[in-house]
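Asker: Following is a predicted model, sequence given first.
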Amino acid sequence: MGNNVKAFIFDLDGVITDTAEYHFEAWQALGKELGIEFGREFNEQLKGVSREESLERILALGDGKADLSTEEKGRLCDQKNVHYKKLIQGITPDDILPGIIPLLEAIRKAGIPTAIGSASRNAPAIISLLELDSYFDYIVDAGKVKAGKPDPETFTVAADHFDVPYENCIGIEDAHAGIQALKAAGMFAVGVGSEEHLSEADFLVESTTDLKFDALVEAFGRKE
Ligand code: B16
Ligand code: MG
């Protein structure tokens, strides 16, 4: 089983661990300073998109704030990241989402390579805090790509690293922008979350607990 699956590529935030909550807290704090308030529904739009694009979307909510200089925007991104890095310091292996370790073990047993495809420049640090380094053969973060999700580059760079065809890759994502990136790459897109946000996924599960190796490979096989 799984003969034609040549790589598994995992999004980080929302799939391996729930750092979205920390991103939300840090962006909300920055927003408050700028007089821009937003809640969880708006935060959905920040999932999977880059730090810079997240700031643009927040500023667009505020009165004329989108006109800030590039330097000022860079400073605000740095400020958010300093806060975010403080918040993630407490991450431990207990923060790995349910179902992920059994899935990674099954993939290892099948001898299929694994990568992280994340928009976060903090991805390598988070994988280390989770003590998952030995489960991933390669990490693609924002520092390795020119265009972030929904552009396919985050995922194609990972497949190219393993020298495997895109159509033989399974990608797992929790964000709309991430599913779009996987589809644009021609990969099999597994969504974790609600139909409302991830309707374009090839295979949808409600939570990471439902990410079972056999079910994923079988769904991939049905699509072929
Ligand atoms: P950083 P993912 C994404 O991670 C987050 O979902 C998104 O909210 C964040 O803005 C982006 O990383 C950049 O993160 O500021 O740490 O570089 O879902 O692609 O793993
Ligand atoms: Mg994500």
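Answerer: Thanks, I have it. Ligands and ions are numbered 1, 2, ... in the order given.
Asker: now the lengthiest helix in the chain, how far from the chain's geometric center?
Answerer: Looking across the chain with DSSP state H, the single longest helix is helix 70-88. Mean-position distance between helix 70-88 and its chain equals 19 Å (CA atoms, centre = their mean, to the nearest Å).
Asker: close enough to count as contact, Met187 and Tyr166?
Answerer: Yes - with contact defined as CB atoms under 8 Å, Met187 reaches Tyr166; the gap is 5.3 Å. C-beta coordinates here come from the backbone N, C-alpha and C atoms, glycine included.
Asker: Would you mind listing the residues touching both of the two?
Answerer: Counting by CB atoms under 8 Å, 6 or more residues apart in numbering, the residues touching both Met187 and Tyr166 are Phe155, Ala159.
Asker: out of those two, which sits in the busier spot?
Answerer: Met187 (27 against 21; other CB atoms under 10 Å).
Asker: residue ranges of the helices in this structure, please?
Answerer: With DSSP H as the criterion, the chain has helices spanning 20-34, 40-43, 51-59, 70-88, 100-110, 123-129, 153-162, 176-185, 195-198, 213-223.
Asker: The first one vs ligand 1: in contact?
Answerer: In this case it means helix 20-34. Yes - Helix 20-34 is in contact with ligand 1 by CB under 6 Å from any ligand atom, via Ala20, His23.
Asker: Show me what that helix is packed against.
Answerer: Secondary-structure packing of helix 20-34 (3 or more CB pairs under 8 Å, 6 or more residues apart in numbering; DSSP states H and E): helix 40-43, helix 51-59, helix 70-88.
Asker: Tell me which of those helices sits most buried.
Answerer: Neighbour counts (mean count of other CB atoms under 10 Å) averaged over each of those peak at helix 51-59, with a mean of 18.
Asker: hang on, the earlier thing: using CSV, lay out the helices of the chain together with mean pLDDT and distance to ligand 2.
Answerer: What follows is the helices of the chain, written out as CSV (pLDDT from 0 to 100; distance: least, CB to the ion, whole Å):
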stretch, mean pLDDT, distance to ligand 2
helix 20-34, 95, 7
helix 40-43, 91, 12
helix 51-59, 94, 12
helix 70-88, 97, 14
helix 100-110, 98, 13
helix 123-129, 97, 11
helix 153-162, 98, 11
helix 176-185, 96, 6
helix 195-198, 88, 11
helix 213-223, 95, 17
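Asker: right, so of those helices, which gets closest to Asp137?
Answerer: Ranking the helices of the chain by proximity to Asp137 (CB to CB) places helix 153-162 first, at 7.5 Å.
Asker: Okay, angle between that closest one and helix 176-185 too, please.
Answerer: Helix 153-162 runs at 50 degrees relative to helix 176-185, counting by axes from the mean of the first three to the mean of the last three CA atoms, to 10 degrees.
Asker: Got phi/psi on whatever residue of the chain ends up closest to ligand 2?
Answerer: Nearest residue of the chain to ligand 2, counting by CB to the ion: Gly14, 3.6 Å away. Backbone torsions for Gly14, taken as degrees, to the nearest 10, come to phi 100, psi -10.
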